[in-house]
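**Q** Mind folding the following:
(one chain, ligands or ions: 2)
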Amino acid sequence: MKVGIIGLPASGKTTLFNVLTRSSAQTGSFGARSREENLGVINVPDPRFHRLIEMYRPKKEAPAFIEFVDALGGLETGSARSGVGQDFFAAIRSAETLVNVVRCFSNEAVPHPSGSVDPVRDARAIVSELILGDMVLVERRLERLEKQLQVNRAKMTGDQISQIELLKRLRDTLEAEVPARKAELKPDEWLKLRELEFLSAKPILMVANIDEASIGGESGEQVSALHDYCRENEFPVIDLCAEAEMQVTQLGPEEEAEFLAAYGIEESGRDRLIRLAYEQLGLISFFTVGEDEVKAWTIRRGQTAVEAAGRIHTDIARGFIRAEVVSYDHLTEDGSLAAAKEKGHWRLEGKDYIVQDGDILNIRFNVSK
Ligand SMILES: Nc1nc2c(ncn2[C@@H]2O[C@H](COP(=O)(O)OP(=O)(O)O)[C@@H](O)[C@H]2O)c(=O)[nH]1
Ligand SMILES: [Mg+2]
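**A** Ligands and ions are numbered 1, 2, ... in the order given. Predicted structure coming up:
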C-alpha cells in the first residue's frame, strides 16, 4: 500500500513522516521549494505476524509493508494551477490513500502560512486544491479528446468516446466542489477513467496535529470543529501530536511503551494511523506459513480464495483446486496445523470462499491445468 502525506506547509507533514517511518528527514524546511520528496517503507505492525514467526521460525520472514511519500513543499491555495502544485500532485498521484495533516498546534517559532491556526479552513483548503487539481486534469483531457473527435473521429476507440461523456459528468461534480470520490459513476465507468488517477477520488484520512499540551486531554474548540467537519464530510480523523510522537519514536521500543503509558496513550499514533488506513481501504491480511517462509498478504475485504491465490501467483489462481484454511486464532490456540486438523478447525474451501482477516491459507493447485 502506498500512502501520500499531504497538507499545508508547516502543518507537520515531515514530522509525521518521521514518526511513521522512524526516520529523521529534515523538518522545518517548508520554505524550500524542493522537488525532492521523502520516501519510506515500513513493515505493517501486526502482532499476529510475530506470533507466527515464533511458531514456525522460518528461514524467511515477509511482513506486509506500506510505502509513505512526503511530497516536500506542501500544497497552498492556488497550487492546483501552478507548476509547483503539479510537482506535488505528481508525487502523490500513485498513492492509494492520502493522509492530510491539519495543523492544530500553536507554535510561535513556526509561522502558519495563512497567519493563524484554523484547522477547518485548512482542511477545506486542501480538499479544494485536490478538486481543482482534478479539474485541471479533466479539462486537459476533455480538450484533447474533443479535438480528436473533430479531426480524427474514425481513429478513436469506443472507450475514448465514452470517456468524453464521463469526463463531462465528472466535471459537473468537481465544479460543484464535490470530490471525485462522490461522483455518481458506476464501477465499470470508473474503470474507464482509471489511468487518470484523480486525487480527489482517493480516500483521505485527516490527522489533527494537536498541541503537546492537549495530549490525552479534552479537545479544544478548534479540534472539535475539525471533527465536526470530518464527520459531515465522511473523512475519518485521528488526533495525534506529531512532535511528541517523533520524540517517542527516537526512544526505542521499551521507553516508548513507558512514555505512552505516562501520557495515558494506549496505542501510538503511528499504529493507530496504520490501522485506520487499513480499515478505511477495507484491507485485511491473510498469511501463508511454513518452515521456509511466513508471509503476510494484503487483500481487500470480500475477496475470494481464488483472488487470494492470484495475489500469490497467477498460475496458482489458474490451477486452483482447493484452499486449506485455518483461522489465526485456532492455529495459535491449537498450537500446530496437525492439532488444528484433529480438532476439526482445519477445513477445505472452494474458489468462492470469502477470505477472512487472519486466515492462514494453503492453496492446492495443479500447474498443468
Ligand atoms: N509544537 C509543535 N510543533 C510541531 C508539531 N508538529 C510539527 N511541529 C513543528 O512545526 C515545524 C514544521 O514541521 P514540518 O514537519 O517540517 O512541517 P511540513 O512543512 O508540513 O513538513 C517544525 O519546526 C516542527 O518541529 C507539533 O505537534 N507541535
Ligand atoms: Mg516538510
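
**Q** which non-adjacent residue is nearest residue 229?
**A** Leaving aside its sequence neighbours, residue 229 sits nearest to residue 120 (CB to CB, 6 or more residues apart in numbering; 4.8 Å). For glycine as for every other residue, the C-beta is placed from the backbone atoms N, C-alpha and C.

**Q** Contacts only, for that neighbour.
**A** Contact analysis of residue 120 by CB atoms under 8 Å, 6 or more residues apart in numbering lists 222, 225, 226, 229.

**Q** Compute the distance between it and residue 208, please.
**A** 11 Å (CB to CB, to the nearest Å).

**Q** Please identify every residue contacting each of those two.
**A** Residues touching both residue 120 and residue 208 (CB under 8 Å, 6+ apart) are residue 226.

**Q** still on that earlier bit, looking at the residue nearest to residue 229 now. What's its pLDDT?
**A** On the pLDDT scale, residue 120 is placed at 98.

**Q** Show me which residues of the stretch 251-369 of the chain sit near ligand 2.
**A** Taking CB under 5 Å from the ion, no part of the stretch 251-369 of the chain reaches ligand 2.

**Q** Which stretches in the stretch 251-369 of the chain count as strands?
**A** Along the stretch 251-369 of the chain, counting by DSSP state E, counting those that start in this stretch, strands occupy 283-288, 293-300, 320-327, 347-349, 359-365.

**Q** Those: which one's closest to residue 149?
**A** strand 293-300 (36.2 Å; CB to CB).

**Q** List the buried residues of that closest one.
**A** 294, 295, 296, 297, 298, 299 (16 or more other CB atoms under 10 Å).

**Q** Looking at the residues you listed, which is nearest residue 278?
**A** Nearest to residue 278 out of the buried residues of strand 293-300 is residue 298 (CB to CB; 8.1 Å).

**Q** Tell me the spacing between the closest one and ligand 1.
**A** 27 Å (CB to the nearest ligand atom, to the nearest Å).

**Q** Also residue 43?
**A** Per CB to the nearest ligand atom, residue 43 is found 23 Å from ligand 1.

**Q** Quick check: chain neighbours aside, which residue is closest to that residue?
**A** Nearest to residue 43 is residue 63, by CB to CB, 6+ apart, at 4.1 Å.

**Q** Neighbours of residue 70, how many?
**A** Neighbour count of residue 70, defined by other CB atoms under 10 Å: 30.

**Q** Helix or strand: which one has it?
**A** Residue 70 is part of strand 65-71 when elements are defined by DSSP states H and E.

**Q** What are the contacting residues of that strand?
**A** Outside strand 65-71, the residues that reach it (CB under 8 Å, 6+ apart) are 1-6, 13-14, 16-17, 20-21, 25, 37-44, 87-88, 91-92, 95, 274, 277.

**Q** can you tell me which helix in this protein is longest?
**A** helix 119-152 (DSSP state H).

**Q** For that helix, list every residue counted as buried.
**A** 119-123, 125-135, 137-138, 141-142, 145.

**Q** Which residue does the stretch 251-369 of the chain have closest to ligand 1?
**A** residue 269 (10.1 Å; CB to the nearest ligand atom).

**Q** So that residue is in contact with residue 238, correct?
**A** Yes - counting by CB atoms under 8 Å, residue 269 does reach residue 238; the two are 7.1 Å apart.

**Q** Of these two, which one has the most company?
**A** Per other CB under 10 Å, whichever of residue 269 and residue 238 has more neighbours is residue 269, with 26 against 16.

**Q** What about the contacts of residue 120, which one has the most neighbours?
**A** residue 226 (26 neighbours).

**Q** does that one really touch residue 103, like I thought?
**A** No - in this structure, residue 226 is not within contact of residue 103 by CB under 8 Å, at 10.3 Å.

**Q** Now for these two: what residues contact both?
**A** residue 119.

**Q** and the helix or strand encompassing residue 4, anywhere near ligand 2?
**A** Per DSSP H and E, residue 4 falls inside strand 2-7. No - using CB under 5 Å from the ion, strand 2-7 stays clear of ligand 2, with a minimum separation of 8.8 Å.

**Q** now the angle from that strand to helix 119-152?
**A** Inter-element angle recorded for strand 2-7 and helix 119-152: 120 degrees (by axes from the mean of the first three to the mean of the last three CA atoms, to 10 degrees).

**Q** in strand 2-7, what counts as buried?
**A** Going by neighbour count (16+ other CB under 10 Å), the buried part of strand 2-7 is 3, 4, 5, 6, 7.

**Q** Report pLDDT for the residue in the stretch 51-200 of the chain positioned nearest to ligand 2.
**A** Across the stretch 51-200 of the chain, no residue is closer to ligand 2 than residue 72, which sits at 5.5 Å (CB to the ion). What the model reports as pLDDT for residue 72 is 73.

**Q** Pull the contacting residues for residue 117.
**A** Residue 117 touches 103, 104, 105, 106, 222, counting by CB under 8 Å, 6+ apart.

**Q** can you check residue 103 too?
**A** So residue 103 contacts 7, 8, 10, 11, 12, 112, 117, 119, 122, 209 (CB under 8 Å, 6+ apart).

**Q** how close does the closest residue to the last one other than its chain neighbours sit to ligand 1?
**A** Looking back up the chat, that one is residue 209. Spatially, and ignoring its direct neighbours in sequence, residue 209 is nearest to residue 12 (4.3 Å; CB to CB, 6+ apart). Applying CB to the nearest ligand atom, the value for residue 12 to ligand 1 is 3 Å.

**Q** Pick out the residue nearest the middle of the protein.
**A** Centrality entry for the chain: nearest residue to the mean C-alpha point is residue 97, 3.6 Å, by CA atoms, centre = their mean.
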